[in-house]
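Trainee: Need a 3D model of the sequence below.
(one chain, ligands or ions: 1)
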Amino acid sequence: MFEVAVIGGGLVGAAVAFGLRSLGPKIAVLDEGDVAHRAARANFGLVWVQGKGAGLPQYATWTQRSAGEWPRLAGELLRETGIDVALSQLGGIHVCLTANDLARRVAMLDALQAQPGFRRYPIEVFDRAGLAARLPGLGADVAGGTYCPIDGHCNPLKLLRALHAAAVRAGAVYRADHAVARITPRGAGFTLETTAGTIAANKVVLAAGLGNAALAPMVGLEAPVQPNQGQLIVLERVPRFLAMPLQTIRQTDEGTVLIGDSQQDRGCDESLGTDVLAAMAARAARVFPGLAGARVVRAWAGLRVMSPDGFPVYEQSTEHPGAFVASSHSGVTLAAVHAYAFAPAVAAGVLPESFRPYAASRFGVRLDG
Ligand SMILES: Cc1cc2nc3c(=O)[nH]c(=O)nc-3n(C[C@H](O)[C@H](O)[C@H](O)COP(=O)(O)OP(=O)(O)OC[C@H]3O[C@@H](n4cnc5c(N)ncnc54)[C@H](O)[C@@H]3O)c2cc1C
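Mentor: Next up, the predicted model:
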């Protein structure tokens, strides 16, 4: 019998398991096999605050808190696993190609920060000259952009590996190829039927990405998440030219350049579209004409875990209080709060009031099973 079974070993499940690692062998992480859709292995790697929270100021605070706790997360992962997740938080830039785009962007950010209860963060608006001083090689087409000093990025594959390694090193049990097909509440605990046998746990955390939609109703919860496809292009390593990430172009710690990311509702289709890739490449070449000569080494598509309003779903079942759900886009950015705020609440057995805005009842779904 485990104390906590975390269903899903993607970025959310791994961050929660890391946050619960003091429980050692009492935690199990049950993961689907290689057939799974895994946003954790397909994402862009931003730790991003700028522009988030329109319609839900609490989400801006949540995101800022995570960005603030990220240095602790990166430090603990390095100490406990030797894996450097390449965190850099020197700020981030959103580039606008036309004066109209820039005006719209500034109006959007002003409206965002004017919301009652919004925890403001610094934003600087740059015209072309101001931006060119920060971004060598900037294209003549760029009209300007916005800069936020608390944005950053990391290596998300190293992050996933490090979260797993730290949890396992602390004694947590990781079981691949254990897709959970059924959860049955039994007394105060749960029985989980997996593709490789049955497991019992006192508490269960649903962190199965898109898989949460099917699992949540089994424990009196709802997670109405849908796939949203994003495509990414990876260019060969080039000499370091970008000191900080742009929202759609970043240079990794290894020197490659990532271009992304598109957003399309295409169901579970993970195929690439040359039209989308061509549009992304053309835009990147307008921002940095020097990239036009760099070779593409690969491209991929991944599925975001998207709720109807784009905000996370965190909830504890009222019917079966040992069951919790965590579904979110921005799982890289939010890894620190998933580890340092959500996981301790699971350990304590109660989600604090501050999680209430994230309940699925905001979508008008039934919560009583
Ligand atoms: C193209 C793209 C770009 C992105 N860029 C960023 C970014 O720059 N910054 C950022 O913060 N976020 C970004 N994200 C979002 C981030 O990757 C996701 O928020 C995060 O990966 C979600 O984590 P998750 O664990 O919920 O889901 P996933 O990472 O998809 O993992 C779900 C896991 O659950 C497992 N699973 C599913 N069903 C079951 C089951 N029944 N039983 C057991 N296991 C199951 C799967 O095997 C998988 O391992 C991006 C995503 C995409 C697709």
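
Trainee: Flag every residue of the stretch 251-369 of the chain that's near the ligand.
Mentor: 260-261, 302-305, 327-333 (Cβ under 6 Å from any ligand atom). Backbone N, C-alpha and C define where each C-beta goes, glycine included.

Trainee: any chance of those in TSV, plus pLDDT, distance to residue 175 and secondary structure?
Mentor: Converted to TSV, those look like this (pLDDT from 0 to 100; distance: Cβ to Cβ, whole Å; DSSP: H, G, I helix; E, B strand; the rest coil):
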residue	pLDDT	distance to residue 175	secondary structure
260	90	32	coil
261	70	31	coil
302	86	23	strand
303	84	23	strand
304	87	26	strand
305	88	21	strand
327	96	21	strand
328	93	23	coil
329	92	26	coil
330	95	27	coil
331	96	21	coil
332	97	24	coil
333	98	27	coil
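
Trainee: Low-confidence regions, the stretch 1-150 of the chain specifically.
Mentor: Within the stretch 1-150 of the chain, the ranges that satisfy pLDDT under 70 run 34-37.

Trainee: rewinding a little: now tabulate the residues of the stretch 251-369 of the chain next to the ligand in CSV and tack on neighbour count and distance to residue 66.
Mentor: Converted to CSV, those look like this (neighbours: other Cβ atoms under 10 Å; distance: Cβ to Cβ, whole Å):
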residue, neighbour count, distance to residue 66
260, 25, 21
261, 21, 20
302, 21, 21
303, 21, 22
304, 23, 17
305, 28, 16
327, 30, 16
328, 28, 10
329, 18, 13
330, 23, 9
331, 27, 10
332, 26, 9
333, 27, 6
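
Trainee: now, among those residues, which is nearest to residue 288?
Mentor: residue 260 (14.4 Å; Cβ to Cβ).

Trainee: where do the helices sit along the stretch 151-300 of the chain?
Mentor: Per DSSP state H, counting those that start in this stretch, the stretch 151-300 of the chain carries helices over the ranges 156-169, 212-215, 274-287.

Trainee: in the last one, what counts as buried?
Mentor: This means helix 274-287. 276, 277, 280, 281, 283, 284, 285, 286, 287 (16 or more other Cβ atoms under 10 Å).

Trainee: do the same with the shortest one
Mentor: For helix 212-215, the buried set under the neighbour-count rule, 16+ other Cβ under 10 Å, comprises 212, 213, 215.

Trainee: Tell me the one among these nearest to the ligand.
Mentor: residue 215 (6.0 Å; Cβ to the nearest ligand atom).

Trainee: which ones are touching the closest one?
Mentor: 7, 180, 183, 206, 208, 223 (Cβ atoms under 8 Å, 6 or more residues apart in numbering).

Trainee: quick one: residue 179 and residue 194 touch, right?
Mentor: Yes. At 6.2 Å, residue 179 counts as touching residue 194 under the criterion of Cβ atoms under 8 Å.

Trainee: Residues that sit against both of those two, list them.
Mentor: Shared contacts of residue 179 and residue 194, defined by Cβ under 8 Å, 6+ apart, comprise residue 30.

Trainee: With mean pLDDT added, can I get the helices of the stretch 151-300 of the chain in JSON lines?
Mentor: Below are the helices of the stretch 151-300 of the chain laid out as JSON lines (pLDDT from 0 to 100):
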{"stretch": "helix 156-169", "mean pLDDT": "97"}
{"stretch": "helix 212-215", "mean pLDDT": "97"}
{"stretch": "helix 274-287", "mean pLDDT": "92"}
